[in-house]
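A.B. asks: sequence and computational prediction follow.
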Amino acid sequence: MRNVVEGLWKKAIAGLLAVVVATAYLPVSVMATVPQQVVDAETAGSDVAEPENTAENPETVSADTLVPDEDVQEEPEDSEEAVIEPEGVMDTEDASIPAPDETYNSNNVWSDTLIITANKTVKLRNLVKDNTGSASSPIKICGNVNVNLVIEGDVVLRGNSYLISAGIEVEEGATVNIYGLPGSTLTVTGGKYGAGIGGIGYGDADASNDKAGNINIYSGTITATAGTGGGAGIGSGQHSSASNITIYGGNIKAIGTDGGAGIGSGYGTSGNSNVVKVGDYDGGNIRISGGIVRAAAVDYNFDDFNFSDTSTWYATVSETS
């Protein structure tokens, strides 16, 4: 009996020792849970000790300095804000072009003269307006207004060669802004004494003759030719002064006739018909800041001009008998 009791006692002691030894090798986190101290970054004092970098307490890295794993591909953030176009503006590769208030095309061409007396944007799309008879300028911009002309496709405007007129008439005080959509062409020709784009002309030399209005060209392929009698391609007609002419871009060809400038003023004398003096009319303030611009007082052959070969001088050679 004594031997049985001693055996049971030894087994109990051995089991107790096994529990103690096993507990000694448990991880610290299992043996006890230590509450983590939370420190407010704004209120922490200098007496708050930084934890040491040990195997049991590895270095703490802030979120700002973490380097993502190379295998993890993060989508880059789009740093550009969404661009919201203002109302009434069409975006093109050439310029921001105002949206039209009204549009004319080959099936909707005005009769005689399109007279514009208010601030607006007019689009011209694939049309031909060749004024004859009693019609003078195809387009006339009157008063102290600011008008945008938007060109789409191929547009041709011709003033009446028998009446005092321009291709696009811009009265003194008015402003026209011309925008050509990509691939568009504008071919405009003045009428009697008038500019292609700008003012009409006058048969009598008089210092009180009205000036042409302001002309701004932003884009497009444009050929502007004066009519008969001494107008400028872009600017004023005969016996008249130009105002402000600004070209920001586009491919521009401007041809004067009978002594008128390619860009500037038409042919003119001052005082009265007894005084014959060329150049007394003001060519205006001309500013060209972009685009390709070719201008001359005659229709030069700009593409293949060779000074030594007179047959190449002009785009159109008149045949004489």
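C.D. replies: Thanks, I have the structure now.
A.B. asks: can you list the residue ranges for helices in the chain?
C.D. replies: With DSSP state H, the ranges of helices along the chain come out as 2-24, 28-31.
A.B. asks: low-scoring stretches of the protein, by residue?
C.D. replies: Where the chain drops to pLDDT under 70, the residues are 1-95, 269-280, 300, 307, 316-321.
A.B. asks: longest strand of it?
C.D. replies: Longest strand in the chain by number of residues, with DSSP state E as the criterion: strand 146-158.
A.B. asks: so what's the residue lying closest to Asp210 once chain neighbours are set aside up against?
C.D. replies: In this structure, Asp210 finds its nearest non-sequential neighbour in Glu172, 4.6 Å apart by Cβ to Cβ, 6 or more residues apart in numbering. From N, CA and C alone the C-beta is placed, and that goes for glycine too. Contact analysis of Glu172 by Cβ atoms under 8 Å, 6 or more residues apart in numbering lists Gly199, Asp210, Lys211, Ala212, Gly213, Ser243.
A.B. asks: go through those and name the one nearest Glu102.
C.D. replies: For those, the closest approach to Glu102 (Cβ to Cβ) belongs to Gly213, at 20.3 Å.
A.B. asks: any idea how far that closest one is from Gly235?
C.D. replies: 10 Å (Cβ to Cβ, to the nearest Å).
A.B. asks: now for these two: what residues contact both?
C.D. replies: Both Gly213 and Gly235 are contacted by Gly198, Gly199, under the criterion Cβ under 8 Å, 6+ apart.
A.B. asks: buried stuff in stretch 100-120?
C.D. replies: Using 16 or more other Cβ atoms under 10 Å as the test for burial, stretch 100-120 gives Pro100, Tyr104, Thr113, Leu114, Ile116.
A.B. asks: can you check stretch 208-219 too?
C.D. replies: Result for stretch 208-219 [16+ other Cβ under 10 Å]: buried residues Asn209, Lys211, Ala212, Gly213, Asn214, Ile215, Asn216, Ile217, Tyr218, Ser219.
A.B. asks: between those residues, which is nearest Ala226?
C.D. replies: Out of those, the member with the shortest distance to Ala226 (by Cβ to Cβ) is Ala212, at 11.7 Å.
A.B. asks: is the closest one in contact with Ala242, as I believe?
C.D. replies: Yes. At 5.1 Å, Ala212 counts as touching Ala242 under the criterion of Cβ atoms under 8 Å.
A.B. asks: overlap in contacts, the two.
C.D. replies: Gly198, Gly199, Gly235, Ser236, Gly284.
A.B. asks: tell me which two of the residues you listed sit farthest apart.
C.D. replies: Using Cβ to Cβ, these span at most 9.9 Å, a distance reached by Gly199 and Gly284.
A.B. asks: the more surrounded of those two?
C.D. replies: Gly199 (33 against 26; other Cβ atoms under 10 Å).
A.B. asks: still on that earlier bit, which of the contacts of Glu172 sit farthest apart?
C.D. replies: Asp210 and Ser243 (10.3 Å).
A.B. asks: show me what Thr121 bridges to in the sheet.
C.D. replies: Asn148 (DSSP bridges).
A.B. asks: ok, it - contacts?
C.D. replies: Going by Cβ under 8 Å, 6+ apart, Thr121 touches Gly88, Pro98, Ala99, Pro100, Asp101, Glu102, Val147, Asn148, Leu149, Val150.
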